[in-house]
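> Just a sequence and a predicted model for now, questions to come.
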Amino acid sequence: QVQPVESGGGLVQAGGSLRLSCAASGRTISGFAMGWYRQAPGKEREFVASINWIGSSTRYANSVKGRFTISRDNSKNTGYLRMNNLKPEDTAIYYCNIAVGVAVYWGRGTQVTVSA
């Protein structure tokens with residue numbers, strides 16, 4: 001099993017930046033894709049970004065393209081989500097997931113709040 005743990009969330013003003021981390025324990029993540037999702041109050045969880053196992057391929061939701069950057073450091077068993085030019089509509093709980101074959105492991109999330 002893999003246990004992702006998110007960190008780095010917080011309160012930031014619009015236009016600010018945050019870097020989220022997803023540290024995985026249990027086994028190495030170097031062979032597996034990682035993703036970030038978010039869920040705002042009253043809304044469904046939505047895709048934010050994903051990265052393949054080696055970091056050579058990334059995908060982004062249109063709403064964050066050009067502002068967010070996903071990356072990973074397999075030597076540290078950790079993934080990252082750099083968020084720039086944050087907007088109030090980015091306010092949500094951000095979740096990391098790791099796909100190990102057909103199994104997908106989720107963290108408990110980290111809160112990001114962007115004030116106007």
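That came in fine, so what should we check first? Numbers count the residues shown, from 1 in each chain.

> For the residue nearest to the spatial centre of the chain, which residues are in contact?
Centroid check for the chain by CA atoms, centre = their mean gives Trp36 as the closest residue, at 3.2 Å. By CB atoms under 8 Å, 6 or more residues apart in numbering, the contact set of Trp36 is Leu20, Cys22, Val48, Ala49, Ser50, Ile70, Gly79, Leu81, Tyr94, Tyr95, Cys96, Asn97. C-beta here means a position set from N, CA and C on the backbone, and glycine is covered the same way.

> Let me know the secondary structure of the first one.
Of the three states, Leu20 takes strand according to DSSP: H, G, I helix; E, B strand; the rest coil.

> For it, give its distance to Gln1.
For Leu20, the distance to Gln1 equals 22 Å [CB to CB, to the nearest Å].

> who's more crowded, these two?
Neighbours per residue (other CB atoms under 10 Å) separate Leu20 from Gln1, with Leu20 holding more: 23 against 8.

> Can you tell me which of the contacts of Trp36 end up in helices?
Using DSSP state H, no member of these sits in helices.

> Could you dump those residues into TSV and include distance to Gly42 and pLDDT?
Formatted as TSV, those follow (distance: CB to CB, whole Å; pLDDT from 0 to 100):
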residue	distance to Gly42	pLDDT
Leu20	22	98
Cys22	25	96
Val48	18	98
Ala49	22	98
Ser50	24	97
Ile70	26	98
Gly79	27	95
Leu81	22	98
Tyr94	16	98
Tyr95	16	98
Cys96	22	97
Asn97	22	95
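
> Including distance to Ser63, could the residues you listed go into JSON lines?
Below are the contacts of Trp36 laid out as JSON lines (distance: CB to CB, whole Å):
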{"residue": "Leu20", "distance to Ser63": "16"}
{"residue": "Cys22", "distance to Ser63": "20"}
{"residue": "Val48", "distance to Ser63": "8"}
{"residue": "Ala49", "distance to Ser63": "11"}
{"residue": "Ser50", "distance to Ser63": "14"}
{"residue": "Ile70", "distance to Ser63": "14"}
{"residue": "Gly79", "distance to Ser63": "20"}
{"residue": "Leu81", "distance to Ser63": "14"}
{"residue": "Tyr94", "distance to Ser63": "13"}
{"residue": "Tyr95", "distance to Ser63": "16"}
{"residue": "Cys96", "distance to Ser63": "18"}
{"residue": "Asn97", "distance to Ser63": "18"}
